[in-house]
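A.B. asks: Test case, fold it:
(4 chains)
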Protein chains: 2
Amino acid sequence: MEPGRERKDALFEAVALMGKAFASPVRLELLDLLAQAPRTVQELARASGQSIANASQHLQALYAAGLLSRRREGTSVRYALAGQDVLALWLALRDASAARLAEVERAAREYLGEEVEAIGREQLLTRLSRGEAVLVDVRPAEEYAAGHIVGARSIPIDELERRLAELPQDREVIAYCRGPFCAYANQAVRTLRSAGRRARRLEEGWPEWSLGSPPGEATRQPALSGPVER
Amino acid sequence: MEPGRERKDALFEAVALMGKAFASPVRLELLDLLAQAPRTVQELARASGQSIANASQHLQALYAAGLLSRRREGTSVRYALAGQDVLALWLALRDASAARLAEVERAAREYLGEEVEAIGREQLLTRLSRGEAVLVDVRPAEEYAAGHIVGARSIPIDELERRLAELPQDREVIAYCRGPFCAYANQAVRTLRSAGRRARRLEEGWPEWSLGSPPGEATRQPALSGPVER
DNA sequence: CAAGCTATCAAGCGATCTATTGAATTACAA
DNA sequence: TTGTAATTCAATAGATCGCTTGATAGCTTG
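C.D. replies: Numbering: from 1, shown residues only, chains lettered A, B, ... in the order given. Next up is the predicted model:
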């Protein structure tokens, strides 16, 4: 047996503490939700379709794995991703699995429905600067409030239909949402097109955008700070 | 129940197929080894201290999770990381766990022994260009052969002591190895210093360096190509 | 073709661990 | 005190896991 084997084992054992956190679909969905905005246990339980107790358990597992921070807010507790590195880690896993696992690609296609024309970051910026397009954030209002692309206006997907008049007729509409696994932007583009508008989706969602932007270019609320209980 | 819940569940279930691969210390160690160079099952089994059968099982699990590629070479099978994105993913997990889990930090400290003076990428490049330092790759020769920092010479750690004469007396020696979880560079610096040389370690190991360098700046063999079975 | 090495497969086994639920408990606000 | 939010606890049922052993298949070499 090679020297230092026990210690090397202990090292990888410790890393696996974080690795195990990524082994459950429920926890991955919670991470995905938290990539948009900090949330309370209630909100997370509802949004992920879990019982309160179960959501709490999984959140504590993620917390113990170092992936989340939390803070008490009156009677409730608000969880958030522990930092940018955790966000980057989750996105890396999500993207690698989408690129390399046929199952993920298939499941995503089935969930998202028919494909929709998309536009990249560069192109968006030039079109916006030329005044040829407007950018719309179709996520729920609280997520917009927690951070969004500068210059985007908020029209949550379920208000889009009756707020169509707010959008200029003479410009193309670019919609974005939570990311490649989120159906809102696709849905928005379909709604807009059937209303006779020119519309495309942004390839990226808010989390990718916020990571790829130099600080200051985008608007993200500072991570949870202050006393964090155990 | 919200609409599309089954499909959303299926999606995260699929992503968790890859997530589960990161839940075992043995698999993490295999990934870490493969981040240096492609290897056969034999080599991996020996290097990780597992039985052949068990190593084979875990490698197949990683392969099924989309993290590895493999190719037959005569009587043996050589595994490799499936791509740069997988390397980046593993490094992100490793670094996040080191930064956020006290257990990892502690285990790393115990495994690596006493700390050693380190130098960053920028500083290394300027010192090299000024001819003030020489760069030494202290990993096994096969790993050097599979890819290394340009300008580095190969002196495996277990040959260092008797090959000291090859290193110029008048320059500082910078050693690097597999990365922050690898003890070779530290060991090399200690050896060199006790032989009266000036020596420091490079903060990064080869995998980090290869990811951070624009293509062409470093020398990495192309990923396994050609027919991949199964 | 036969022998020898390498990797995979099949089966089994114990063991640990898992996710989940429902009820009891703690923390805070009004 | 009352009510809401979150955590804890107990318990179960299941599942999954990791590893070992022995047999099998693929390839190379004599």
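
A.B. asks: Find the closest residue to DNA strand D in chain A.
C.D. replies: As assessed by C-beta to the nearest atom of the strand, DNA strand D sits closest to residue A:76 within chain A, at 2.9 Å. In this view, the C-beta of every residue, glycine as well, is placed from N, C-alpha and C.

A.B. asks: How about the host helix or strand of residue A:62 and DNA strand C, touching?
C.D. replies: Assigned by DSSP states H and E, residue A:62 belongs to helix A:52-64. Yes. Looking at helix A:52-64 against DNA strand C by C-beta under 7 Å from any atom of the strand, the contacts come from A:53, A:54, A:57, A:58, A:61.

A.B. asks: among these, which ones are buried?
C.D. replies: In terms of neighbour count (16 or more other C-beta atoms under 10 Å in any protein chain shown), the buried residues within the residues of helix A:52-64 next to DNA strand C are A:58, A:61.

A.B. asks: will you turn the residues of helix A:52-64 next to DNA strand C into JSON lines that also has pLDDT?
C.D. replies: Below are the residues of helix A:52-64 next to DNA strand C laid out as JSON lines (pLDDT from 0 to 100):
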{"residue": "A:53", "pLDDT": "93"}
{"residue": "A:54", "pLDDT": "95"}
{"residue": "A:57", "pLDDT": "94"}
{"residue": "A:58", "pLDDT": "95"}
{"residue": "A:61", "pLDDT": "95"}
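
A.B. asks: Wait, residue A:167 touches residue A:199, no?
C.D. replies: No. The criterion here is C-beta atoms under 8 Å, and residue A:167 misses it with residue A:199 at 9.3 Å.

A.B. asks: picking up where we left off before, which single one of the residues of helix A:52-64 next to DNA strand C is nearest to residue B:14?
C.D. replies: residue A:58 (18.3 Å; C-beta to C-beta).

A.B. asks: In this structure that closest one contacts residue A:26, no?
C.D. replies: Yes. In this structure, residue A:58 is within contact of residue A:26 by C-beta under 8 Å, at 5.4 Å.

A.B. asks: okay, and the common contacts of those two?
C.D. replies: Common neighbours of residue A:58 and residue A:26 (criterion: C-beta atoms under 8 Å, 6 or more residues apart in numbering or on different chains): residue A:50.

A.B. asks: just to revisit the earlier point, what about the residue of chain A closest to DNA strand D, how many neighbours?
C.D. replies: 12 (other C-beta atoms under 10 Å in any protein chain shown).

A.B. asks: same thing with residue A:130?
C.D. replies: 8.

A.B. asks: one step back: is whichever helix or strand comes after the helix holding residue A:62 anywhere near chain B?
C.D. replies: Using DSSP H and E, the next helix or strand after helix A:52-64 towards the C-terminus is strand A:68-73. No. On the criterion C-beta under 8 Å from any C-beta of the partner chain, strand A:68-73 is out of touch with chain B, staying 9.8 Å away.

A.B. asks: Low-confidence bits of chain A, can you list those?
C.D. replies: Residue ranges of chain A with pLDDT under 70: A:1, A:213-230.

A.B. asks: in it, which spans are helices?
C.D. replies: Counting by DSSP state H, residue ranges of the helices within chain A are A:5-21, A:25-34, A:41-48, A:52-64, A:84-100, A:102-112, A:121-129, A:141-146, A:184-194, A:206-212.

A.B. asks: quick one: the last one to chain centroid distance?
C.D. replies: To tie it back to what came earlier, the one meant is helix A:206-212. 9 Å (C-alpha atoms, centre = their mean, to the nearest Å).

A.B. asks: contacting residues around it?
C.D. replies: Here helix A:206-212 has contacts from A:35-36, A:84, A:87-88, A:91, A:121, A:137, A:139, A:143, A:147-149, A:176-179, A:202, A:204, A:218, A:220, using C-beta under 8 Å, 6+ apart.

A.B. asks: Would you mind listing what in chain A touches DNA strand C?
C.D. replies: With C-beta under 7 Å from any atom of the strand as the criterion, chain A meets DNA strand C at residues A:20, A:23-24, A:26-27, A:50-51, A:53-54, A:57-58, A:61, A:72, A:74-75.

A.B. asks: Tell me which two of those sit farthest apart.
C.D. replies: Pairwise distances across the residues of chain A next to DNA strand C peak at 33.2 Å for A:23 and A:74 (criterion: C-beta to C-beta).

A.B. asks: Quick one, which of the contacts of helix A:206-212 are buried?
C.D. replies: For the contacts of helix A:206-212, a neighbour count by 16+ other C-beta under 10 Å gives the buried set as A:35-36, A:87-88, A:91, A:137, A:139, A:143, A:147-149, A:176-179, A:202, A:204, A:218, A:220.

A.B. asks: The helix holding residue A:62 close to DNA strand D?
C.D. replies: Yes. Applying C-beta under 7 Å from any atom of the strand, one finds helix A:52-64 in contact with DNA strand D at A:52, A:53, A:56, A:57, A:59, A:60.

A.B. asks: which helices and strands does that helix pack with?
C.D. replies: helix A:5-21, helix A:25-34, helix A:41-48, strand A:68-73, strand A:76-81 (3 or more C-beta pairs under 8 Å, 6 or more residues apart in numbering or on different chains; DSSP states H and E).

A.B. asks: export these to JSON lines and tack on distance to residue B:66?
C.D. replies: Below are the helices and strands packed on helix A:52-64 laid out as JSON lines (distance: least, C-beta to C-beta, whole Å):
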{"stretch": "helix A:5-21", "distance to residue B:66": "16"}
{"stretch": "helix A:25-34", "distance to residue B:66": "15"}
{"stretch": "helix A:41-48", "distance to residue B:66": "25"}
{"stretch": "strand A:68-73", "distance to residue B:66": "26"}
{"stretch": "strand A:76-81", "distance to residue B:66": "24"}
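
A.B. asks: tell me the most buried of those?
C.D. replies: Counting by mean count of other C-beta atoms under 10 Å in any protein chain shown, helix A:25-34 has the highest mean neighbour count of the helices and strands packed on helix A:52-64, with a mean of 23.
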